[in-house]
Structure formats: C-alpha cells, structure tokens
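Chemist: Below are the sequence and a predicted model; questions follow.
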Amino acid sequence: MSVDTLRRELARRPLLGDGATGTQLQQLGLVPGSCGELWNATAPDRIRELHRRYLAAGSDLLTTNTFGGTTFALGQHGAAARARELNLAGARLAREVAGDAAWVLGDIGPFGGLLEPLGETPATDVTAAFTAQAAALLAGGADAILVETMSDPAELTLAVRAARSAGAALVFATCTFQKTPSGFRTMMGTGVAEGVAAALAAGVDVVGANCGTELTLDDYVKLTAELVAAAGGTPVMVQPNAGSPIRRDGRISYAESAAEFAAAAPRFLAAGARIVGGCCGSTPEHIAAMRAVVKG
Amino acid sequence: MASFPDLTAAVAVGNRTDTVRLTQELLAAGTPPQAVVEAGLVPGMAIVGERFRRNEIFVPEMLIAARAMKEALKILEPLLIAAGIRPKYTAIIGTAQGDLHDIGKNLVAMMWRGANFQVIDLGTNVSADRYVAAAREHGAHLVGISALLTTTMPALKAAVQALKAAGLDGTRIVIGGAPVTQEFADEIGADGFAADAGSAVALARRLVGEAA
C-alpha cells in the first residue's frame, strides 16, 4: 500500500474509514482526561489492538492516534518535548497493523487555541507545530495526512499547507459544523461553501466533514449533499458521530446504533460521498455495519 | 449627543472606535462611569450573548464585541477604582478536572465580564478542592465549571458536591459544555446549566438575582 495505490483506489471506488479513537482507548483503559497520544510510547500493544479492531471491521483507512499531537496540545500534558517521538510512533503502529490491507492517515487535529488576530497564537508558531507533526507522521509511514475537526478556515489552511511543505503527497481536510438558522456553520461561523473553498484553495485532495454536536445522521446526509455541491469534483469524506452521548445509570452510550449507520451509509454514497467513516462514539461495530454497502 | 443606546449598539456590533468615542463623550457630558458600564456596555454584551445563543452570530463576532467593551473598560476602570466602585458580583470559572478544552470556558468568562461580574479564571483541569478554596477566598456568588469530554463529567459532579458540602450558601453553581445537559445538572445538584456562552450570561444574572 502506498500513496499511489490510495490515490488510484480512491478514484475507483468508495473507501471505508475507521471510527472513534477516544471511545476505544477508554474501553482499553485510558484514564479520563489523560493524554491518549502517550500510549503510542507507553502502551503500543493497546494502540495496535485499536487499529486491529478497525482493520477487522473492514476499514480501508486507519487513522493514527495523534489527534492531539501538536506541541501545543501535548504541552497541556507536559509532553511537548515528545511530539516527534509520539507522532512517529503513532504512524509506525498504524503502518504495522495496516500492512498491505489498509492505508494510514496521519491524523492532525486542532492546535487547541485561536489564531491571531482574534486569538493569542501567531500563525508562524502554529505552522511550525503542524509542519513538525506532519513530518513525523510521514516519516513513520503515513500514506496521507488528515487534517480534521477544523472550525477555522485559516487554521485549516495553515495545517494543509504545512502538511504539503512536510512532503505529504495526499492531504485530506474535514471541518466540524453545527446546525444554525442560517444553515451548517462551524463555531467560527464558516459555512459549507466557504469551508470547502478554503480547503480547495489550500490544495487538498479530499474535503469533507467530521463530528458536530447534535448533528443526526439525517443532518449528515444533507451536509454531504452540500459538501459535494461545493467540492466541484474533489472527493468528499464524511465521518459523523454516533449521535449525541446519553447518560443512563452513570454509563455513557451513543444514540445512533450500528444499524442506523448501516442504513445511513447508502444515503451518504447516494449523496456523493467517496469516503465514509465515524467520529465520536462510533465503534468497530458501526464501521462493520457499513462495510458491505461501502465496499461492495 | 452620545446616548446609552448608541453605545449599546456600537458594542453589539463590535465597533471599537465608536465604542471608545461614545464612552468618552458620555463621560465628558458628566455621565457617572458606573452608568456608562451598566446602561451602555452591559446591554450591548447582553445583545451579543443572545444573538450567539440563537446562532445568529459566532465566535469571531463575540470576540470582536468583547474587545470593543474591553477598550471602553480601559478608560472606565481607573475612574471606577478611584470612586471605590467594584463589580457587584464575583464569579469563579474553570474547566473540570482532567479537561483541557478551554475555548468555551474563555467565552463564558468574557461574557460574564461583559455583564460586569468580576471573574476569576482558574484555568483548566481544576480540582474540586481548588474550586472550594477559590469560592471561599473570593466570596464568590457564582462558580462556573465546564467539561467538553463525557469522561470528565464525573469530575463536574465531584466539584459540585464538594462546593455544596463546603456550606457556601451564597454561592450558585452552574455547569456547561457540549455533553452536559439540564438533566445532568439537575441530577448532580447544580443550580443551573447553560448550553453556550450566550445563555450563560442570562443564567448568571438570574441566579444572582438581577433581571435577566
């Protein structure tokens, strides 16, 4: 598997992403609030298990356990100095499990703050952090970089350009939207057309959406259609949550079941999505439920 | 002739230049600084909060409005301090232990300052003990705690229970964050729940006894 085979396969057929990482890590014993990325170094067997579960469920794309892997995000846990080590390890572990059966997406999430002039963080610092992260992910064997959960088109642009400058041949970018009276908008007020345009201008190969508080699968079908309309032929990737979290008897579960994901998958494809996966609360069962429809 | 509604409107759209100019004009005309805050600036931020709650405006517009108010406060604060006038209410704010997501918490802190609360921001990953200590030390009327992760919601419960056990009768506790619900707030005994920074302002004012 290589970036060339990924590019070729993406042109040939829809691809199946993977599901939530956090949910699985918690099931594997991660203490709430602690740094999941540290497990790339301290508990690699559990990260291999995470990836194995999704591979077994049929995922074509394994996302590295590096969502909070910038120096900014790791710095909140006192682990900024380990950024390269943890991103490298994260990519290697996914690569090892993926083998010839799947591709590895090097995962880059938000840096956690707001860019100047609205916020306090200079663009140059954020670019440096994203570039270093992308470089480590590629060095560890990622086939492509996924920039996800973006709310600010400016941050998305910095991350995509950073991934390119680090040498990524394929870059995916997805935004996180919420429902508002004026349609789907990120928390920064960016609409679908604007978000997609920013991603395309930054030079992505795949554009889309992931996550989104209170978005149902029905909402996501509508969102998919809007993304496709705005993307002008660039492949669209969608990774919905398994609904909103529900607390019952002190336990958390997610509203949308695997069966609901199975029913939604053909609707995403009919709306034009080329890659379908899951975000918060989704599990290998949710992914497996979509396998037959997405992979045929 | 500058008026309170003019100032309110300037803050609401985040027009920093007009906000500063109108503040100075009102002061020059002999308006008490406290009135400028309460009748001019605070209603402007209340409008912003309401629009945000309705998803008519978003984070950038809120931040720009807050910045406009902050510029006005730079002029007003020395005058208020000299007259011995301090915000009537004090709020403590932070995120739940184990939770580092602070953008939402920062927006609420900003909106509460915009409502003329004194806000002491304890930052992220704050233990129950630190909330109790800070509430006691500052005589807080309000403590706000947020959580973005479902896994840090138990820490919300621990903090609320510690605050109630500490016997701080004058302190109201409010919680918020994406996975938090009114149902959860009721279950753990919080005094209130706000879904976003906009709603958090009306809630805060109601809980301390002001008109919302």
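Modeler: Right, received. Where do you want to start?

Chemist: from here on, contacts and neighbour counts on C-alpha atoms
Modeler: Noted.

Chemist: Just the strands from the stretch 151-296 of chain A, written as ranges.
Modeler: A:171-175, A:178-180, A:183-185, A:206-210, A:236-239, A:245-248, A:251-254, A:275-276 (DSSP state E, counting those that start in this stretch).

Chemist: ok, longest strand in chain B?
Modeler: strand B:89-95 (DSSP state E).

Chemist: before we move on, the earlier item: quick one: which of the strands of the stretch 151-296 of chain A is nearest A:Ala101?
Modeler: Nearest of the strands of the stretch 151-296 of chain A to A:Ala101, taken as C-alpha to C-alpha: strand A:275-276 at 16.5 Å.

Chemist: got the contact list for the nearest residue to B:Glu38 once chain neighbours are set aside?
Modeler: Using C-alpha to C-alpha, 6 or more residues apart in numbering or on different chains and skipping residues adjacent in sequence, the residue nearest B:Glu38 is B:Asn116, 7.6 Å away. By C-alpha atoms under 8 Å, 6 or more residues apart in numbering or on different chains, B:Asn116 lies in contact with B:Val37, B:Glu38, B:Val42, B:Pro87, B:Lys88, B:Tyr89.

Chemist: nearest residue to whichever residue of chain A sits closest to chain B other than its sequence neighbours?
Modeler: At 4.0 Å from chain B, A:Gly33 is the closest residue in chain A, using C-alpha to the nearest C-alpha. Nearest non-adjacent residue to A:Gly33, counting by C-alpha to C-alpha, 6+ apart: B:Gly98, 4.0 Å away.

Chemist: give me every residue that touches that neighbour.
Modeler: By C-alpha under 8 Å, 6+ apart, the residues touching B:Gly98 are A:Pro32, A:Gly33, A:Ser34, B:Thr124, B:Asn125, B:Val126, B:Thr152, B:Ala155.

Chemist: need the contact list for the third one.
Modeler: What that stands for is A:Ser34. Shown in contact with A:Ser34 (C-alpha under 8 Å, 6+ apart): A:His77, B:Gly98.

Chemist: Any stretches of the chain with poor pLDDT?
Modeler: Just going to use chain A. Chain A contains residues with pLDDT under 70 at A:247, A:249-251.

Chemist: Let me rephrase: I mean chain B.
Modeler: Within chain B, the segments meeting pLDDT under 70 span B:211-212.

Chemist: quick check: domain ranges of it?
Modeler: In terms of domains, chain B is parsed into B:4-82, B:89-208 (source: automatic domain parsing).

Chemist: now do the same end-to-end measure for the longest one.
Modeler: Across its full length, domain B:89-208 reaches 8 Å end to end, with C-alpha to C-alpha, to the nearest Å as the criterion.

Chemist: Measure how far it is from the centre of its chain, please.
Modeler: 10 Å (C-alpha atoms, centre = their mean, to the nearest Å).

Chemist: do the same with stretch A:117-128
Modeler: 22 Å.

Chemist: and what of stretch B:54-74?
Modeler: The chain centre lies 13 Å from the centre of stretch B:54-74; the measure is C-alpha atoms, centre = their mean.

Chemist: Can that stretch be said to contact chain A?
Modeler: Yes: contact of stretch B:54-74 with chain A is found when judged by C-alpha under 8 Å from any C-alpha of the partner chain, involving B:Arg54, B:Asn55, B:Glu56, B:Ile57, B:Phe58, B:Val59, B:Pro60, B:Leu63, B:Ile64.

Chemist: Provide a list of residues in contact with residue 80.
Modeler: Using chain A here. Residues near A:Ala80 by C-alpha under 8 Å, 6+ apart: A:Thr70, A:Thr71, A:Phe72, A:Ala73, A:Leu74.

Chemist: Switch to chain B, please.
Modeler: Applying C-alpha under 8 Å, 6+ apart, we find B:Leu80 in contact with B:Pro33, B:Gln34, B:Arg86.

Chemist: picking up where we left off before, and of the strands of the stretch 151-296 of chain A, who's closest to B:Phe184?
Modeler: B:Phe184 lies closest, by C-alpha to C-alpha, to one member of those: strand A:245-248, at 8.1 Å.

Chemist: Which other helices and strands does the closest one contact?
Modeler: Contacts defined by 3 or more C-alpha pairs under 8 Å, 6 or more residues apart in numbering or on different chains; DSSP states H and E place strand A:245-248 against strand A:251-254.

Chemist: on that earlier part again, could you tell me which of the contacts of A:Ala80 belong to strands?
Modeler: Going by DSSP E, the strands hold none of the contacts of A:Ala80.

Chemist: Which of the residues you listed has the largest number of neighbours?
Modeler: Within these, neighbour counts (other C-alpha atoms under 10 Å in any protein chain shown) peak at A:Thr70, which reaches 29 neighbours.
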